[in-house]
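Enquirer: after the sequence you'll find the predicted model.
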Amino acid sequence: MIATEVPTQPEAIMNTLLQIQTSLFAGQGQSSQLAARYVSAWQERHPRGTVTVRDLAASPLPHLTAERFTAFGTAPTSRTPGQQAIVAESDALVDELRAADTIVLGLPMYNFGVPSTLKAYFDHVARAGVTFQYTANGPVGLLTGKRAIVFATRGGRYVGTPRDTETTYVRDFLAFIGITEVEFVYAEGLAMGETVRNAALESAHAAISRLEQPEALAA
């Protein structure tokens, strides 16, 4: 099983959170640790909520191929057993997104871009008629009513510069599938010395505390 669930009491579930880890170092990556810190604070506020963890380093998805793309576009009654297996894997990812009220994404920067595992994940959940649909006015996302929080960690400093290719890409993709309430928490300069690193992490920790305040949740 790719995803793991943190046990909670089954009754009176108040909320559902999906944590997506994309660091090559799985839970040891800085982005994963910041995300986990937020999830811990979230669980304190939602003790009967459900948390699902999707670790793309421990269980990476295949990159999109013609075979996989064709399977997504084939009518259910015409799919081969192989195509059915491909679509079932995608369906499981989409079901996790659909069930989540809050999505927490750990996002390191590798060579000026998002991890390739995240790109593969996006390719498996972007499905016409499932997570978005085409209309006369253009595509419309179908996964609405959700909140996403992105913990972006970088060795250098890129926010507000042309080299920050991640922010626009991730924000645009999430909006494409209907997730428009997206907040970024940055920890930059992590490779620029201990002083800069500590200050960046302290700022990110403070942001996490603010995000889980009642007034922030109501905003």
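Expert: Right, received. Where do you want to start?

Enquirer: and Leu142, how many residues sit next to it?
Expert: Residues near Leu142, counting by other CB atoms under 10 Å, number 16. Glycine gets a C-beta too; all of them are placed from N, C-alpha and C.

Enquirer: where's it relative to Met109, distance?
Expert: Distance, Leu142 to Met109, using CB to CB, to the nearest Å: 29 Å.

Enquirer: could you look up the SS state of the residue most central in space within the chain?
Expert: The centroid of the chain falls nearest to Leu105 when counting by CA atoms, centre = their mean (3.7 Å). With DSSP: H, G, I helix; E, B strand; the rest coil as the basis, Leu105 sits in strand.

Enquirer: just the pLDDT at it, thanks.
Expert: On the pLDDT scale, Leu105 is placed at 98.

Enquirer: I'd assumed Ala148 was in contact with it.
Expert: Yes - at 6.5 Å, Leu105 counts as touching Ala148 under the criterion of CB atoms under 8 Å.

Enquirer: what residues are up against Arg197?
Expert: Gly189, Leu190, Ala191 (CB atoms under 8 Å, 6 or more residues apart in numbering).

Enquirer: are any of those buried, and which?
Expert: Listed as buried from those are Gly189, Leu190; burial here means 16 or more other CB atoms under 10 Å.

Enquirer: make CSV from the contacts of Arg197 and add secondary structure, pLDDT and distance to Ala41 to it.
Expert: Formatted as CSV, the contacts of Arg197 follow (DSSP: H, G, I helix; E, B strand; the rest coil; pLDDT from 0 to 100; distance: CB to CB, whole Å):
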residue, secondary structure, pLDDT, distance to Ala41
Gly189, coil, 97, 24
Leu190, coil, 98, 21
Ala191, coil, 97, 27
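
Enquirer: just the contacts of Arg197 now: which is nearest Leu201?
Expert: Minimum distance to Leu201 across these is 7.7 Å, recorded for Leu190 (CB to CB).

Enquirer: so the closest one makes contact with Gln30?
Expert: Yes - using CB under 8 Å, Leu190 is in contact with Gln30, at 6.2 Å.

Enquirer: where do the contact lists of the two overlap?
Expert: Thr153, Leu201.

Enquirer: ranges for the strands of this protein?
Expert: 4-6, 16-21, 50-55, 102-108, 132-135, 138-141, 147-153, 181-187 (DSSP state E).

Enquirer: partners of the third one in the sheet?
Expert: Translated: strand 50-55. Partners of strand 50-55 in the sheet, by DSSP bridges, are strand 4-6 (antiparallel), strand 16-21 (parallel).

Enquirer: what's the model's confidence in stretch 53-64, averaged?
Expert: Mean predicted lDDT for stretch 53-64 stands at 95.

Enquirer: stretch 121-133 too?
Expert: Average pLDDT, stretch 121-133: 97.

Enquirer: least reliable of the strands paired with strand 50-55 by average pLDDT, please.
Expert: Lowest mean pLDDT within the strands paired with strand 50-55: strand 4-6, a mean of 42.

Enquirer: in the chain, where is pLDDT below threshold?
Expert: Residue ranges of the chain with pLDDT under 70: 1-14, 214-219.

Enquirer: now do 50
Expert: For the chain, the stretches with pLDDT under 50 are 1-13, 215-219.

Enquirer: which parts of it are helices?
Expert: According to DSSP state H, the chain carries its helices in the segments 30-45, 66-73, 81-99, 116-125, 165-176, 194-211, 214-218.

Enquirer: of the ones you listed, which is nearest Ala57?
Expert: Taking CB to CB, helix 116-125 is the member of those nearest to Ala57, at 6.6 Å.
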